[in-house]
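Chemist: Output the structure for:
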Amino acid sequence: MRSKALKTRWGVRHYAMVNSGNHIMSVFPMDGPLSICGHNNLGKTQALQSMQFLFFTHLAHMHFGAHQANTSRAFFFPSDHSYLLMEVLTPDGVFIVGAHGKGPTAGNEYELFVAKGELDMGDFVDPINRIRPYKELFRHWYERGIEVRNLTREQMRQMLYGESGRVKGGDWDVTIVPLANANERRYQVFRQIYRNLLTQQLLKSREIKELILNVFSEKLSNANLNFLEVRERAFQRFRLAEREVERLAYRREDILALGKEYDEYAALSEEGGWLARELRVNLTLAVERAPLCIEELNALHKEEIEKRAKLNEQLNSRMQERDRAVEQRITLAGRLTRLDELRERNAMTCRETVEKSIRTLAAQHATLSDQLRQADIYDVATVSSRLRHTEHEILKLNKRLEQVRNGDGLLDTQGFVDAEKAELSRLLRSDMFSLEAAALTEIHPGSFNNWVRTQLMSKGGLLNLQGFELDLTDLPPMDFHGDDPAQLQQSIAMYQEDLAKLQGQLEVAQNQTLKRNELESLAKQLSNQQGYLQELTELAALETTETADRHVLEGVMMCLAQIDEWLQGHQERIEEATRAISVIEQKLNDALEQARQLKVVQQHRQIQNSPFILAEGPNEDFERDLTGYNFGDTLNRLEWISNALDRISLTMKNYQHSIVGDLPDLARHANLSDLVQHARERLETLPQMREMLKRYHQEGIAQLSGALRDLSENYVTLEHEISLFNRRINARKVSNLRGFRLDLKRNEPILEAINILSSYIAQADENETDLFGQQGGGASQAGLVRAMDRLSRLVEDGRDGTLELGDLFDIGFTVEEVNGKVVVCNTLDELASNGSTMTLKPLLYFSLIRHLTDRGARVEPFLPFYLDEIASVDPNNQRTILAFSENLGFTPVFASVDPTTTVRYCINISECINADNRIYVTQADWQHFDHHEDVKLGQAPQRSERDEKSEVDVEQFSDSLQVATAKADTVAQS
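Modeler: Purely as a prediction, here's the structure:
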């Protein structure tokens, strides 16, 4: 399946996918720029993504967008008749580099192989148009004389990347990427670059910087160092000495405090010895004199106590007598006071008036209570209705009474006789003729009477009119208003009495709250009047005993005056006796306290051994006046001194523990006095130790500067290599580009910090730097501290202390177009996937890959790469990409929705989908575009007879494939 051309194009010529992904059998030309177009999510990217299985050794090194590597492997290798195939042209011939699936039972794993021969798609289909499993395919190739070699992933890496001599005899050279100094390390760098060309994986600025360092790693002796570890080793002696100085300076106050506590301990020990001897001498004297004094004081105290007891008995007797008199006085005074109050309160009233008021109020209270009970039964509406009815009846009766008296009723005015009235009563209502005569209005006088006589009047109880006769004799005649005036007057009087009651009930019902308040007021008044009656009764009783009560009260007051006078004198006698007892008790207490102190002191002397060394001298020098001598104070002072010595001893132990903990060499002095002496001597050497510390610091800076100098020299080397790289890249003439340059932008703050540290030693020889703020180069010291802090902050920010060569620079890119326009990108993120800057990413990757390849290789094979959304790039920039791709040995594969006409080949995936929604691409689906450049170079492809024979009936093949793959567990990738 070879495209004939005048110029040999080494490298990948064709790429095929058989029962892989969405492709049932597709072959893509790779001997010229290719455009794969079609709607989204049809499988345009699958061809380039799947190439990773052939180029890379491990799934972890592959990238499939949002899909997991294991899922993608099952997607591309669903069965044992799934293949990815790459036809490669090398100076040793044509080879097929491929991978086949092992089926779901093997976890959808795949194996790699290389076959020597051209790619013929007809080999993959058996006579009944089914795809051959890989074992059957290999037998078929064997029968055709095509040798197949199964390779491990590592062997495939060696075969493709310039180490084919190490693979199975080394007689096949299938090198596609002739890496210089081919090894695993160089392969990893290439893989990092080429994966981005196949998948368009986005790289961050730090990743592209790491990529640059990996490309030039063979020229760099040390790309990073652990700054924290180097700094720790360089300043180890300085840190030890610094800690010694810091500890000694930190414990300076403790050493001084220990000496002060030791001096105080010696002074208190001497004072305690003197007081202990003084206490012993005076204690002996006091023990001999104390008993006799206590006996005399006890006898005197007993006598005074008995005297005061007799005085208290007399006092208690007179006090009881006084209490009885006071109680009697209070009772009499209360009766007389009550009498005066009752007289004043009832001066304006008498018993008869009060009793009369009580009777009146009780009657009013009963009446109002009854009305309120009626009001509870009938509400306002009911009482009002009954009241209106009663008024109406009274009015009605008065009118009837007046008609009877005046004789002007309707019946009276018509002139009917009694017999006629009787007949009419059978038919008419008896009360109709009780109406007033004025109720009748006649147009012609006598009309009503005539109507009654002619129409209503019966004869002998028979009503005989035209058309009927009615016998009314069974109806007795009635009287028309035969009312008695006396009875009417009596009825009126009864209704008027009911009217008065109803009016009272209505008033109560309408004002229940007011009436109830009035009822409560009557109850209170009645209660008050009853209280007045009780007070009048009490007043009469008190007046009968008034004279006798006043006489007794005068006698009680005289008795109280006599008792109070006696008590005043007797109280003075008791107080005098109490004072005498207090004086004796004080003396006795002093004597007892002294005896107790003597006993306590004796017990302390017996129980405890004195911690003091007794002072020397005659007893006379230690004797004191026992009357003013306080043994307790002396003993307390000794106890205080003893406790103080214990406290000071504990404090000195704490100081000793702290000092020895930070200064362990002082622990050899077991004697405290020796420890204090040597600690003071060490403290005096602190200035000399600080001078030594400066020299140690200079040595540490020198060591650290050496390590940083190595890193900075590597940066200079990298700058040189980048310069050579730029010259080599620009030596290739790329159409539409005048020049391309990879720029290293210096990280000035970090490089400045390294330079400050590197130049510190020379500066220190001229200007002694004092690290502790003395005379010296203060400005240099501040710069040194800033430099150290700057590097420390850089490596401590989640970096584990590592200072990398990449920290010294940032990456920039400069492109000069043929028209003189210069495009500068400070970061990789500025190389957006649109416009002219889109060309910079592949140009950079191509240049880096060609830098990795062996410039002495026999040929420079072409490698495919992928560019998505190429429609966003204008045709001029597309031609620019095609030009430098051709010059640098790369075959672009563009992807877009619509076809791209700047390329040589175009395949519309949308037109290659069969009835099963699988993609089937043959050479017939390749659309060729002839360009002036291609004609000029004589590179127009031609179809070979082998290509024509390889085409298969897609419909017949698809039907057969359904039967062959029904048992395979295919994995669909969303």
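
Chemist: list the helices and strands whichever helix in the chain runs longest packs on?
Modeler: Taking DSSP state H as the criterion, the chain has its longest helix at helix 252-345. If contacts are counted by 3 or more Cβ pairs under 8 Å, 6 or more residues apart in numbering; DSSP states H and E, helix 252-345 sits against helix 512-544, helix 546-607, helix 631-662, helix 672-684. Quick note: C-beta positions are derived from backbone N, CA and C, even for glycine.

Chemist: List just the one of those helices that sits closest to residue 31.
Modeler: Proximity to residue 31 (Cβ to Cβ) singles out helix 631-662 among those, at 79.3 Å.

Chemist: If you compare the directions of that closest one and helix 252-345, what angle comes out?
Modeler: 130 degrees (axes from the mean of the first three to the mean of the last three Cα atoms, to 10 degrees).

Chemist: Quick check: buried residues in helix 631-662?
Modeler: 631, 634-635, 638, 641-642, 645, 648, 652, 655-656, 658-660 (16 or more other Cβ atoms under 10 Å).

Chemist: Mind giving me the packing neighbours of it?
Modeler: helix 236-250, helix 252-345, helix 546-607, helix 672-684.

Chemist: Show me where the stretch 851-974 of the chain has its helices.
Modeler: In the stretch 851-974 of the chain, the helices defined using DSSP state H, counting those that start in this stretch lie at 875-888, 932-937, 945-950, 954-964.

Chemist: Okay, helices next: where are they in the stretch 701-850 of the chain?
Modeler: Under DSSP H, counting those that start in this stretch, the stretch 701-850 of the chain gives helices at 748-758, 760-766, 778-796, 840-852.

Chemist: Throw those into TSV and include mean neighbour count and distance to residue 18, thanks.
Modeler: Shown next, in TSV, are those (neighbours: other Cβ atoms under 10 Å; distance: least, Cβ to Cβ, whole Å):
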stretch	mean neighbour count	distance to residue 18
helix 748-758	18	54
helix 760-766	14	68
helix 778-796	16	52
helix 840-852	22	29
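
Chemist: Which one of these has the poorest average confidence?
Modeler: Ranked by mean pLDDT, the helices of the stretch 701-850 of the chain bottom out at helix 760-766, with a mean of 56.

Chemist: now the stretch 651-800 of the chain, which segments are flagged as low pLDDT?
Modeler: The model of the stretch 651-800 of the chain has pLDDT under 70 over residues 732-737, 760-780, 797-799.

Chemist: rerun that using 50 as the cut-off
Modeler: For the stretch 651-800 of the chain, residues meeting the criterion pLDDT under 50 lie at 767-779.

Chemist: And for the stretch 251-400 of the chain?
Modeler: Ranges of the stretch 251-400 of the chain meeting pLDDT under 50: none found.

Chemist: Give me the distance between stretch 711-718 and the centre of its chain.
Modeler: Counting by Cα atoms, centre = their mean, to the nearest Å, stretch 711-718 is centred 48 Å from the centre of its parent chain.

Chemist: ok, and for that stretch, which residues are buried?
Modeler: 711, 712, 714, 715, 718.

Chemist: Then stretch 83-94?
Modeler: Neighbour-count burial for stretch 83-94 flags 83, 84, 85, 86, 87, 88, 89, 90, 94 (criterion: 16+ other Cβ under 10 Å).

Chemist: Could you give the average pLDDT over stretch 33-53?
Modeler: The model assigns stretch 33-53 a mean pLDDT of 89.

Chemist: Can you give me the first-to-last residue distance of it?
Modeler: This stretch, stretch 33-53, spans 22 Å end to end (Cα to Cα, to the nearest Å).

Chemist: what do you get for stretch 664-672?
Modeler: Distance across stretch 664-672, first residue to last, is 15 Å (Cα to Cα).

Chemist: about what we covered before: now for the helices and strands packed on helix 631-662, which one comes closest to residue 754?
Modeler: helix 236-250 (19.6 Å).

Chemist: List the neighbours of the closest one that are in contact with it.
Modeler: Helix 236-250 is contacted by residues 232, 662-663, 682-683, 686, 689-690, 692-693, 696-697, 699-700 when judged by Cβ atoms under 8 Å, 6 or more residues apart in numbering.

Chemist: Tell me which of the residues you listed fall in helices.
Modeler: Short answer: those in helices (DSSP H) are 232, 662, 682-683, 686, 689-690, 692-693, 696-697, 699-700.

Chemist: Name only those of the residues you listed that count as buried.
Modeler: Taking 16+ other Cβ under 10 Å as the criterion, what is buried in those is 682, 690, 693, 696, 697, 700.

Chemist: which among those residues gets closest to residue 882?
Modeler: For those, the residue nearest residue 882 by Cβ to Cβ is residue 700; the value is 58.5 Å.

Chemist: For residue 120, see how far away the closest one is.
Modeler: 72 Å (Cβ to Cβ, to the nearest Å).

Chemist: sorry, back to before: tell me the first helix or strand C-terminal of the longest helix of the chain.
Modeler: helix 351-377 (DSSP states H and E).
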